[in-house]
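In: take this sequence and fold it.
(chains A and B)
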Amino acid sequence: MTINKDISIEELIEEVPASVGYLMKEGIRCIVCGEPIWGSLEEAAEEKGFTNKDIERFVKELQVLADNPDENVGFEKKIDVDKLN
Amino acid sequence: MNNAIFSFPHPQNEPIKSYAPGSPERIELKAKLEEFKSQEIEIPLIIGGKEIFTGDTGKVVMPTDHGHVLATYHKASPEHVQMAIDAAMKAKKSWEEMPWIERASITLKVAELLATKYRSTINAATMLGQGKNPFQAEIDAACETIDFFRFNAAYASQIYAQQPNSSTGVINRLEYRPLEGFVFALSPFNFTSIASNLNMAPVLMGNVTVWKPATTAIFSNYWLMKIFKEAGLPDGVINFVPGKGSTIGNVIFNSPELGGIHFTGSTNTFQQFWKIIGKNITKYKSYPRIVGETGGKDFIFAHSSADPEIVSVAITRGAFEYQGQKCSAASRAYIPASLWPTIESRIKDDVAEFTVGDVIDFSHFMNAVIDEAAFDSIANYIQMAKDSNSAEIIIGGGVDKSKGYFVEPTVIKVTDPHFVTMEEEIFGPVITIYVYDDDKYAEALELCNTTSPYALTGAIFAQDREKLLEGYNALRYSAGNFYLNDKPTGAVVDQQPFGGARGSGTNDKAGSYLNLVRWTNPRTIKETFVAPTNYRYPFLDKE
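Out: Next comes the predicted model:
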């Protein structure tokens, strides 16, 4: 799938579960009360004060996560169950 | 001819069944769990009483066994949402004009169906779909849902009976109209009873709803819809539209007919749609009534005079039941240094006995968190604690999502009272402890009061009554539901009306008349028997 700044957080999480951890580490909580927040990636980022340049970076890095769902993509953003245990 | 002036009596809370080995309810529940697990159903939209299969589908899986599919559900498009609004508005006139006794009779029939014929159905659906053990399902899906129906009928009796005074020659009345428009019910995953009440409280008062259920609670919520219909709820009074929140919200918040919102969910979502409503305010025919219960960062606060055994049990029960996925769950605790060794030891002993596992196995105190996204979010908070120098995981910390979304009961001890897990809502089985110096009670109270933007639930523990009172006063605005020497969870309908203020919502107290009043739009009616025939008042006369 293609990630862009207009993607809804709900769709992003559904398609790229690792985005939850990635965005949390950037300071954006997209799961609250166990459910995804509403709005787009851009809106969620702007709410936290991120610039257009930051958002462009998020899009690029999330695209890597989307394209490599089963691999460690080097961000150490994904949940590694074994490591946590 | 229906000319009775009727009042529903004040009921009793529904007794909680034990599900002890060998009990009839346990046998029936186990059979229903097996039945549901052996099939995969299809869940449509229900608009104007018609089932609609949109073809845009998603899967409903068990949180404790995410490879097991319970159902395929259909998602609403913007066109379907508009259809739901139209169906609600079409049903509105006849529903609001139906005598309220008849409306209440339908809701009371739902209560009886849930108490008898469908008790195992709604409990089993909630266990499988939302990851609750039998006790957690029973107190929510059966008992609390039933209580909402029965007590709301009594509250409606009280509300409708309240009428203004009338002077000689004049009759004054209040007509408790419903809102002019439809109500958008936006329900959470964690309580089947809340999903029911977000619709049925407005509906009892003559309103109609468009209902977006939480995607992860669709299985039990679909059964609610079926039971509502069997009880005689007319088509179109509640319209069931699963789907993406923002897709649905976009249509809802642009509708001139939006009359109100009944919401339980996140603070973020609540604030977001409040902003949208504000932006759209000139579009609406009336000011939408906004009622919402949102997040919490609920606390346990102990004074050095507290009984450490009682505090320990409050922490384990308050933080870990239903995996901490209650709006009211304890998620931060302030403990005096003198009590901490005893409390720590007791918590460790108790948690060591907990097992975490499948809902099918009734021996587990805890089960899974709701879905992968929630699991990942919780696991990240745990990882933050592992990575920090100011936090230490003293109990638990393990996670595993290979079969179900399991998170160990986790206790984090921090030296920084503003560490992220002391401030942000985690919505999982994680509690963070801050140990304070015994002689800094007042400072610690202030810390508790100012650390979080929320104010939903909180509990204070002290045997010294003056210190208890000091905490009671210092924390006056820090919780809408405040507990003295008891855990901050487990509010019961009619006993502890539920809701918080600050960032936690509009504090409209579900489980009391205060919530039902919000779904009325009173019209004051004055009738004068012999009206004046001259405009002149006596003071105008010449002396």
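In: okay, and whichever residue of the stretch 1-150 of chain B sits closest to chain A sits in which element?
Out: At 8.2 Å from chain A, B:Gly58 is the closest residue in the stretch 1-150 of chain B, using Cβ to the nearest Cβ. C-beta: built from backbone N, CA, C; applies to glycine. According to DSSP states H and E, B:Gly58 maps onto strand B:57-62.
In: hey, C-alpha coordinates of that strand in CSV?
Out: The C-alpha trace of strand B:57-62 is given here as CSV (Å, rounded to 0.1, in the frame of the first residue of the first chain):
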residue,chain,number,x,y,z
THR,B,57,-15.9,-6.3,5.0
GLY,B,58,-13.6,-7.0,8.0
LYS,B,59,-13.0,-9.9,10.4
VAL,B,60,-14.0,-10.2,14.0
VAL,B,61,-11.5,-12.3,15.9
MET,B,62,-11.0,-13.5,19.4
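In: now do the contacts for the residue nearest the centre of chain B.
Out: In chain B, the centroid-proximal residue (Cα atoms, centre = their mean) is B:Ile194; its distance is 4.2 Å. Neighbouring residues of B:Ile194 by Cβ atoms under 8 Å, 6 or more residues apart in numbering or on different chains: B:187-188, B:264, B:510.
In: repeat that with 7 Å
Out: B:187-188, B:264 (Cβ atoms under 7 Å, 6 or more residues apart in numbering or on different chains).
In: returning to what we had before: tell me which residues in the strand holding B:Gly58 are buried?
Out: Within strand B:57-62, the residues that count as buried by 16 or more other Cβ atoms under 10 Å in any protein chain shown are B:58, B:60-62.
In: what does stretch B:441-452 give?
Out: Buried residues in stretch B:441-452, counted by 16+ other Cβ under 10 Å: B:441, B:444-445, B:447-449, B:451-452.
In: and stretch B:400-415, by the same measure?
Out: Going by 16+ other Cβ under 10 Å, stretch B:400-415 has these buried residues: B:400-401, B:404-414.
In: what values do phi and psi take at the closest residue to chain A within chain B?
Out: Chain A sits closest to B:Ser266 of chain B, with a gap of 3.5 Å, by Cβ to the nearest Cβ. Main-chain torsions, B:Ser266, degrees, to the nearest 10: phi -80, psi 150.
In: what count of nearby residues applies to the residue nearest to it when sequence neighbours are not counted?
Out: Distances taken as Cβ to Cβ, 6 or more residues apart in numbering or on different chains place A:Val32 nearest to B:Ser266, at 3.5 Å, with adjacent residues excluded. By the measure other Cβ atoms under 10 Å in any protein chain shown, the count of residues near A:Val32 is 22.
In: what about the longest helix belonging to chain B, near chain A?
Out: Of all the segments of type helix in chain B, defined by DSSP state H, the longest one is helix B:78-97. No - for helix B:78-97, no contact with chain A is found by Cβ under 7 Å from any Cβ of the partner chain; the gap never falls below 13.3 Å.
In: and the next element down the chain from that helix?
Out: Counting by DSSP H and E, what follows helix B:78-97 is helix B:100-115.
In: ok, B:Val234 - contacts?
Out: Careful, residue B:234 is Pro and not Val. Neighbouring residues of B:Pro234 by Cβ under 7 Å, 6+ apart: B:91, B:95.
In: does B:Leu45 touch B:Val241 like I think?
Out: Yes - look at B:Leu45 against B:Val241 with Cβ atoms under 7 Å: they come within range, at 5.4 Å.
In: reformat the buried residues of stretch B:400-415 as JSON lines; add secondary structure and distance to B:Ile159.
Out: Output for the buried residues of stretch B:400-415, formatted as JSON lines (DSSP: H, G, I helix; E, B strand; the rest coil; distance: Cβ to Cβ, whole Å):
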{"residue": "B:Asp400", "secondary structure": "strand", "distance to B:Ile159": "49"}
{"residue": "B:Lys401", "secondary structure": "coil", "distance to B:Ile159": "47"}
{"residue": "B:Gly404", "secondary structure": "coil", "distance to B:Ile159": "44"}
{"residue": "B:Tyr405", "secondary structure": "coil", "distance to B:Ile159": "42"}
{"residue": "B:Phe406", "secondary structure": "strand", "distance to B:Ile159": "45"}
{"residue": "B:Val407", "secondary structure": "strand", "distance to B:Ile159": "43"}
{"residue": "B:Glu408", "secondary structure": "coil", "distance to B:Ile159": "46"}
{"residue": "B:Pro409", "secondary structure": "coil", "distance to B:Ile159": "42"}
{"residue": "B:Thr410", "secondary structure": "strand", "distance to B:Ile159": "44"}
{"residue": "B:Val411", "secondary structure": "strand", "distance to B:Ile159": "44"}
{"residue": "B:Ile412", "secondary structure": "strand", "distance to B:Ile159": "45"}
{"residue": "B:Lys413", "secondary structure": "strand", "distance to B:Ile159": "48"}
{"residue": "B:Val414", "secondary structure": "strand", "distance to B:Ile159": "46"}
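In: from the residues you listed, list the ones also adjacent to chain A.
Out: Of the residues in these, proximity to chain A by Cβ under 7 Å from any Cβ holds for B:400-401.
In: between the buried residues of stretch B:400-415, which is nearest B:Val203?
Out: B:Tyr405 (33.3 Å; Cβ to Cβ).
In: return the residues in contact with the closest one.
Out: Here B:Tyr405 is in contact with B:63, B:66, B:368-369, B:371-372, B:375 (Cβ under 7 Å, 6+ apart).
In: out of those residues, name the ones that lie in helices.
Out: Secondary structure of the contacts of B:Tyr405 is defined by DSSP H; positions in helices are B:372, B:375.
In: check the contacts of B:Tyr405 against chain A, which are close?
Out: B:Glu372.
In: as TSV, the contacts of B:Tyr405 with distance to B:Ile281 would be great.
Out: Below are the contacts of B:Tyr405 laid out as TSV (distance: Cβ to Cβ, whole Å):
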residue	distance to B:Ile281
B:Pro63	39
B:His66	42
B:Ala368	42
B:Val369	38
B:Asp371	35
B:Glu372	38
B:Phe375	39
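In: adding pLDDT and neighbour count, write the contacts of B:Tyr405 out as JSON lines.
Out: As requested, the contacts of B:Tyr405 are arranged in JSON lines below (pLDDT from 0 to 100; neighbours: other Cβ atoms under 10 Å in any protein chain shown):
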{"residue": "B:Pro63", "pLDDT": "98", "neighbour count": "28"}
{"residue": "B:His66", "pLDDT": "97", "neighbour count": "18"}
{"residue": "B:Ala368", "pLDDT": "98", "neighbour count": "29"}
{"residue": "B:Val369", "pLDDT": "98", "neighbour count": "30"}
{"residue": "B:Asp371", "pLDDT": "95", "neighbour count": "25"}
{"residue": "B:Glu372", "pLDDT": "93", "neighbour count": "20"}
{"residue": "B:Phe375", "pLDDT": "95", "neighbour count": "28"}
